[in-house]
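> Need a 3D model of the following:
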Amino acid sequence: MQDPAWMTPEMAYFRDTIRRFCERELLPHEPRWEAQQHVDREAWLKAGQAGMLCCGIPEEYGGGGGTFLHEAIAFSEQARALAPGLGNAVHSGIVAHYIHAFASEEQKRAWLPRMARGDLIGALAMTEPDAGSDVQAIRTRAVRSGDEYLITGSKTYISNGTQAGLICVVAKTDPEAGARGISIFAVEAEKVTGLRRGKPLHKIGLHSQDTCELFFEGMRVPASALLGGVEGQGFYQLMAELARERVIAGLVAIACADRAIEETVTFTANRKVFGKPLIKMQNTRFVLADCATKLSLAQAFFAQCAQRLLDGHLDPAEAAKLKYFATDSCGQIVDACLQLHGGAGYMAEYPIARLYQNVRIHRILAGSNEIMRELIARSLDPLSP
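Numbers count the residues shown, from 1 in each chain. Purely as a prediction, here's the structure:
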């Protein structure tokens, strides 16, 4: 595929560096990481040395000093490489930005350089067994006790959960206040008691990615762990950062769709059916044409949203549209490409089969696509509050 207009020579060099790192340091270890259900701790340190972590965080806090587009390159190259184990999109794309936006100056200088080096891994603990896209339904409770908070509850489907040293925990500080009663706590796992991690969860795909449950059993955290220093700001902090998370979800889906088409073009050009290459069959050509068109539309939409994010004017509804369209399109593209592989597409040794396993979650994470459609509809409805 042709490079996008925003791919400057400097960014192309960064992309090539990240691509080589993924091929050399991540992809060869994926089978072993899939078996153990998490990457080696050393992988995070190597990613930090390669400049792959926190590349969009300012240099004064130990980051790469780049923009969201540098992060986009890092996340998309990892997705294209079929090396999803390193949970960098959560670590660098989400948690690091919560810290940069809402933590105290002292906390930013203490945590962000360590996150950029890879010796402090970040996780966001929001989803609960009975509360996914509906954040206001969470039950985890944080009660003030002197100069501490006592946190009780549980979280599930937490990426980086077993290895995270810094966990942003979403909890209710005032259960009667609705959205105004939600707060976020930045918890240093090694400094608290009452935190218990569940075993790695068995998933349909993304087998190498660390995902587990977290249990807070009277976990005491200092009052300074409250992000922003004021109770009740959590919902607004989440809304401020969710647009970025949804653009990242769309971006990763686009990278997977791009790889699916690339694999399928190569496969159908080499596979012969009735004496001629499969790619010469009209059905194959039409299917690939449809896939390529959907991909181009998603790429153009991403470029628009990314620029608005850089300018500070990204509308949440636009981010929801991108997440919904890109992830739905990715699912359609990967499914169609697998079909063109025939029986080979069902064999795990083929990249298209691994893509098929991994991309299904994209329509669920960062808010399900049904929720995205509701958010989009609300932006159109003049009667919405």
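> residue contacts, residue 241?
By C-beta atoms under 8 Å, 6 or more residues apart in numbering, the residues touching residue 241 are 94, 97-98, 101. All C-beta spots, glycine's among them, are computed from the backbone N, C-alpha and C.
> Using PyMOL, define a selection of the buried residues within those residues.
Buried subset of the contacts of residue 241, written as a PyMOL selection, criterion 16 or more other C-beta atoms under 10 Å:
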select buried, resi 94+97+98
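> Looking at the contacts of residue 241, which is nearest residue 338?
Lowest distance from residue 338 to these (C-beta to C-beta) belongs to residue 94, with 29.5 Å.
> does the nearest residue to residue 279 once chain neighbours are set aside sit in a helix, a strand or a coil?
Closest residue to residue 279 apart from its sequence neighbours, by C-beta to C-beta, 6 or more residues apart in numbering: residue 268 at 4.0 Å. State at residue 268, reduced to three classes by DSSP: H, G, I helix; E, B strand; the rest coil: helix.
> Could you verify my assumption that residue 268 touches residue 337?
No. Residue 268 lies out of contact with residue 337 (C-beta atoms under 8 Å); the separation is 9.2 Å.
> Report the residue spans of the protein with pLDDT below the cut-off.
Along the chain, segments meeting pLDDT under 70 span 1-2.
> Sketch out the helices for the stretch 101-250 of the chain, chain order is fine.
105-117, 234-270 (DSSP state H, counting those that start in this stretch).
> Residue 128 pairs with what?
residue 131 (DSSP bridges).
> For residue 50, grab phi and psi.
Reported as degrees, to the nearest 10, the phi and psi values for residue 50 are phi -80, psi 0.
> Return the distance of residue 134 relative to residue 362.
Distance of residue 134 to residue 362, given as C-beta to C-beta, to the nearest Å: 19 Å.
> which of these two has more neighbours?
Each of residue 134 and residue 362 has its neighbours counted (other C-beta atoms under 10 Å); residue 362 has more, 24 against 11.
> tell me the secondary structure for that one?
When classified by three-state DSSP, residue 362 comes out as helix.
> now the closest residue to it other than its chain neighbours: how far from residue 279?
Distance criterion C-beta to C-beta, 6+ apart; nearest residue to residue 362, sequence neighbours excluded, is residue 327 at 4.0 Å. According to C-beta to C-beta, residue 327 and residue 279 sit 27 Å apart.
> can you check residue 113 too?
Counting by C-beta to C-beta, the separation of residue 113 from residue 279 is 50 Å.
> Same check on residue 133?
Counting by C-beta to C-beta, the gap from residue 133 to residue 279 is 40 Å.
> just to revisit the earlier point, compare residue 327 and residue 279 and say which is more crowded by neighbours.
residue 327 (30 against 18).
> correct me, but the more buried one touches residue 363?
Yes. With contacts counted by C-beta under 8 Å, residue 327 reaches residue 363, the gap being 4.8 Å.
> anything in contact with each of the two?
Listed as contacting both residue 327 and residue 363 by C-beta under 8 Å, 6+ apart are residue 369.
> before we move on, back to that, now the residue nearest to residue 362: how far from residue 283?
Taken as C-beta to C-beta, the span from residue 327 to residue 283 is 25 Å.
> since we're on residue 26, how many residues are nearby?
So residue 26, with other C-beta under 10 Å, has 25 neighbours.
> Let me see the contact set for it.
Going by C-beta under 8 Å, 6+ apart, residue 26 touches 39, 43, 78, 81, 83, 85-86.
> do that again at 10 Å, thanks
33, 39, 43, 46-47, 52, 77-78, 81-86, 88, 208 (C-beta atoms under 10 Å, 6 or more residues apart in numbering).
> All the strands of the stretch 151-300 of the chain, in order from the start?
166-172, 182-188, 195-197, 211-222, 272-273, 276-277 (DSSP state E, counting those that start in this stretch).
> among the ones you listed, which is nearest residue 155?
Closest among the strands of the stretch 151-300 of the chain, using C-beta to C-beta: strand 211-222, at 4.5 Å.
> helices or strands up against the closest one?
Helices and strands touching strand 211-222, by 3 or more C-beta pairs under 10 Å, 6 or more residues apart in numbering; DSSP states H and E, are strand 122-125, strand 141-145, strand 148-159, strand 166-172, strand 182-188, strand 195-197.
> Quick one: those as TSV, columns for distance to residue 56 and mean neighbour count too.
Below are the helices and strands packed on strand 211-222 laid out as TSV (distance: least, C-beta to C-beta, whole Å; neighbours: other C-beta atoms under 10 Å):
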stretch	distance to residue 56	mean neighbour count
strand 122-125	14	28
strand 141-145	29	15
strand 148-159	18	20
strand 166-172	17	26
strand 182-188	19	24
strand 195-197	28	16
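> Please produce CSV containing these, extended by distance to residue 342.
As requested, the helices and strands packed on strand 211-222 are exported to CSV (distance: least, C-beta to C-beta, whole Å):
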stretch, distance to residue 342
strand 122-125, 40
strand 141-145, 53
strand 148-159, 34
strand 166-172, 44
strand 182-188, 48
strand 195-197, 42
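> Nearest to residue 22 among these would be which one?
Of the helices and strands packed on strand 211-222, nearest to residue 22 by C-beta to C-beta is strand 148-159, at 18.1 Å.
> Could you name the helices and strands sitting against the closest one?
Contact here means 3+ C-beta pairs under 10 Å, 6+ apart; on that basis strand 148-159 packs against helix 88-90, strand 122-125, strand 141-145, strand 166-172, strand 182-188, strand 195-197, strand 211-222.
> among those, which is nearest residue 274?
Short answer: helix 88-90, nearest of these by C-beta to C-beta, at 43.2 Å.
> now that closest one, how far from the centre of its chain.
5 Å (C-alpha atoms, centre = their mean, to the nearest Å).
> dump the residue contacts of the residue most central in space within the chain.
Computing the C-alpha centroid of the chain and ranking residues by C-alpha atoms, centre = their mean puts residue 89 first, at 4.2 Å. By C-beta under 10 Å, 6+ apart, the contact set of residue 89 is 71, 74-76, 78-79, 159, 245, 248-249, 251-252, 365-366.
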